[in-house]
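A.B. asks: Sharing a sequence plus its predicted fold:
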Amino acid sequence: MLKTILCISSYEKGQEFLRQAKRQGWKVLLLTSKSLEYADWPKDHIDNIYYIPDVNKEWHMPDVINGVSYLARTEQIDKIVALDDFDVEKAATLREHLRIGGMGETTARYFRDKLAMRMKARETGITVPDFVGIFNYDRINEFISKVKPPYVLKPRLSAGAIGIKKIHTIDNLWQKINELGDQQSFYLLEKFVPGEIFHVDSIIVNKQVLFSIVSKYGLPPMEVSHEGRVFMTRTIERGSVDETALQNLNKSVLPLLGLLQGVSHTEYIKAYEGGKYYFLETSARVGGAHIVELIEGATGINLWAEWAKLETSVDVSKYKPVLLREEYSGLIVSLAKQQEPDLTSYNDQEIFWKIKKDFHAGLVIRSPKFDRVESLLKNYTDRFYQDFFTSAPPKEKPNY
């Protein structure tokens, strides 16, 4: 009997997941925002698309539950998958309501709620920056008496650097907390730890990390978002001290948080002072900002496609990712002042991929040589600032 997978995405992404799920022989349904009706969905690989009215890009969950429950009268839904970070809770709620297997609401919290994941990590012995929830004022005062600024005030349920504020003084902290009003409990306060920020992108089966690759951001994503910079990341040297340490740490973090199978994008900090590694945050999804193309450039593995293979596999114990190459890659993305930036002068043979998106310039380079990637990244980043770069105010809410 043909099996059916319902994919949920309030953001235009996951096209290769949808294609691969169809290639696997499944019936593919997509639930997305009405505002994305004319997005570039691979409709030849989707059996039906259903649209949710979205006001300011928000979904009304009772309507979603009612709508999907009505759909379930005629569709035997076997799997529900959230393609974007902001849809993880939606998918978990629907699984719980329809009693469909997969990540439930409790585990989903560890991969969406920045406070929940920090508390769980700390309970299990994983090092995290000092933090406190914005609940009880006595506890907050106790925290700031012991932990000196700067801090970062973070939304618990946002993604990336959206809505994060850096705080330099106690007076400014209380000002920002008071400005939040009734939304205070949806935030946490964390010690700002200066350091290098890495991301580890993984494939997990039965709580075992089968594949992972370590990369390092050129600048912290918060700085890119808040101060306006060219975004850059690249895979790090294989066998290096950082790679070994972060691979080992990552193998501990993901099983402890309860990810049974799927993909994950997890971020870590290596402190400038002392060189200690800290767990920062994780997710049960592929990395955004075209990190999928970065990883594909270095390894030949497309995480969207591999995730779809996992979700549609009859026996996941037989799944094994196929590494096509072991090279190095680098990714650069920038907002552009031109609607259609001209990247034709970027023509080195190492270029693997170029972005096709209005008012954006971006590319991935790959090479067997780490130093060649580093050299090209430096050259291209300087040129991007001259040729394309522009900035926009930081996002306070997700931009769909």
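C.D. replies: All right, it came through fine.
A.B. asks: List the contacts of His265.
C.D. replies: If you count contacts by Cβ atoms under 8 Å, 6 or more residues apart in numbering, His265 has them with 199-201, 282-283, 285-288, 291. Where C-beta positions appear, they are placed from N, C-alpha and C, glycine not excepted.
A.B. asks: Walking through the stretch 101-250 of the chain, point out its helices one by one.
C.D. replies: Here the stretch 101-250 of the chain has its helices, by DSSP state H, counting those that start in this stretch, at 105-112, 114-123, 137-146, 170-180, 221-227, 241-257.
A.B. asks: Those helices: lowest mean pLDDT?
C.D. replies: Sorting the helices of the stretch 101-250 of the chain by mean pLDDT places helix 221-227 lowest, at a mean of 75.
A.B. asks: Just the buried positions in it, please.
C.D. replies: 221-226 (16 or more other Cβ atoms under 10 Å).
A.B. asks: which residues of the stretch 301-400 of the chain fall in strands?
C.D. replies: Ranges of strands within the stretch 301-400 of the chain are 328-335, 351-354, 360-367, based on DSSP state E, counting those that start in this stretch.
A.B. asks: was I right about Pro300 contacting Leu323?
C.D. replies: I think there's a mix-up here, since residue 300 is Gly and not Pro. Yes: if you go by Cβ atoms under 8 Å, Gly300 and Leu323 touch, sitting 6.8 Å apart.
A.B. asks: Those two: which is more packed in?
C.D. replies: The residue with more neighbours, out of Gly300 and Leu323, is Gly300; 15 against 12, by other Cβ atoms under 10 Å.
A.B. asks: Skipping its backbone neighbours, what lies nearest the more buried one in space?
C.D. replies: Computed as Cβ to Cβ, 6 or more residues apart in numbering, the closest residue to Gly300 that is not its neighbour in sequence is Leu324, at 2.6 Å.
A.B. asks: cool, Lys320 as well?
C.D. replies: Nearest-residue entry for Lys320: Leu210, 7.0 Å, with adjacent residues in sequence omitted and distances by Cβ to Cβ, 6+ apart.
A.B. asks: Leu31 versus the one you found, what's the distance?
C.D. replies: Going from Leu210 to Leu31 by Cβ to Cβ, to the nearest Å gives 29 Å.
A.B. asks: neighbour count winner among those two?
C.D. replies: Neighbours were counted for Leu210 and for Leu31 using other Cβ under 10 Å; Leu31 has more, 26 against 15.
A.B. asks: Tyr20 contacts Leu303, correct?
C.D. replies: One correction, residue 20 is Gln, not Tyr. No: using Cβ under 8 Å, Gln20 is not in contact with Leu303, being 10.6 Å away.
A.B. asks: Pull up the overlap in contacts between those two.
C.D. replies: Here Gln20 and Leu303 share no contacting residue, scored by Cβ under 8 Å, 6+ apart.
A.B. asks: Pick out whichever of these two has more residues nearby.
C.D. replies: A count of neighbours by other Cβ under 10 Å puts Leu303 above the other of Gln20 and Leu303, at 27 against 22.
A.B. asks: so how far is Ser329 from the more buried one?
C.D. replies: From Leu303 across to Ser329, the span is 13 Å (Cβ to Cβ).
A.B. asks: which residues do those two both contact?
C.D. replies: Residues touching both Leu303 and Ser329 (Cβ under 8 Å, 6+ apart) are Ile295.
A.B. asks: What lies in contact with the lowest-mean-pLDDT helix or strand in the chain?
C.D. replies: Ranked by mean pLDDT, DSSP states H and E, the weakest helix or strand in the chain is helix 221-227, scoring a mean of 75. With Cβ under 8 Å, 6+ apart as the test, helix 221-227 has contacts from 152, 160-162, 164, 166, 197, 229-231, 394-395.
A.B. asks: Could you list the low-pLDDT ranges of the stretch 1-150 of the chain?
C.D. replies: For the stretch 1-150 of the chain, the stretches with pLDDT under 70 are 56-57.
A.B. asks: in it, which spans are strands?
C.D. replies: Ranges of strands in the stretch 1-150 of the chain, per DSSP E, counting those that start in this stretch, are 4-9, 27-33, 48-52, 79-82, 131-133.
A.B. asks: for Leu2, what are its contacts?
C.D. replies: Taking Cβ under 8 Å, 6+ apart as the criterion, Leu2 is in contact with 25-27.
A.B. asks: just those now: which is nearest Ser185?
C.D. replies: Nearest to Ser185 out of the contacts of Leu2 is Trp26 (Cβ to Cβ; 39.8 Å).
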